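Novice: Predicted model and sequence below, questions to follow.
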Amino acid sequence: MNADAQTQNLRTEDGKLVDLVTAALVDPNLHTDTRMHISNQITEILRGAHEDLYGADGRERHERTAAAHDHQVPKMLEAVLVDPNLHTDRRMRLHREIEEILNRAR
C-alpha cells in the first residue's frame, strides 16, 4: 500500500494524531533535543505496538516498517494505524500514550 492510500485510509481521529505528531516534530518553539526525545519515545511506542501485534516477529516487522518509511515517525505511525491487525484497544492506547507525550512536551 503506498503512502497516499495509507493516508486516505486513516480514520479522522487517526489523521489528527498523525498531524499532531508531524507538527510537534517540526515545531520551531520546541528545542531540538525535545523534538528528538519525542521522536524516540513515539518510535519506542510503535515498536511495542509491533511486538504486541506480531509477537516474536514484531521487532523485525518494526525495523522493516521504519526502513520502508525512512524512519520518519509520522509515516511509521500511519503504517501502524492502517494495519488491519491493529485492535481498537491498542489504537486507543496509542492515541492516549502519544497525546500524553505531546502534551508533556508543550
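Specialist: Structure received.
Novice: All the helices of the protein, residue numbers only.
Specialist: Secondary structure of the chain by DSSP state H: the helices cover 3-9, 12-26, 32-54, 58-68, 73-81, 88-105.
Novice: Of these, which stretch is the most buried?
Specialist: Among the helices of the chain, helix 73-81 has the highest mean neighbour count (mean count of other C-beta atoms under 10 Å), at a mean of 23. C-beta here means a position set from N, CA and C on the backbone, and glycine is covered the same way.
Novice: From Thr65, how far out is His71?
Specialist: Separation of His71 from Thr65 (C-beta to C-beta, to the nearest Å): 10 Å.
Novice: Identify the residues contacting the spatially closest residue to His37 that is not a sequence neighbour.
Specialist: Leaving aside its sequence neighbours, His37 sits nearest to Ala105 (C-beta to C-beta, 6 or more residues apart in numbering; 7.7 Å). Counting by C-beta atoms under 8 Å, 6 or more residues apart in numbering, Ala105 touches 24, 30, 34, 37-38.
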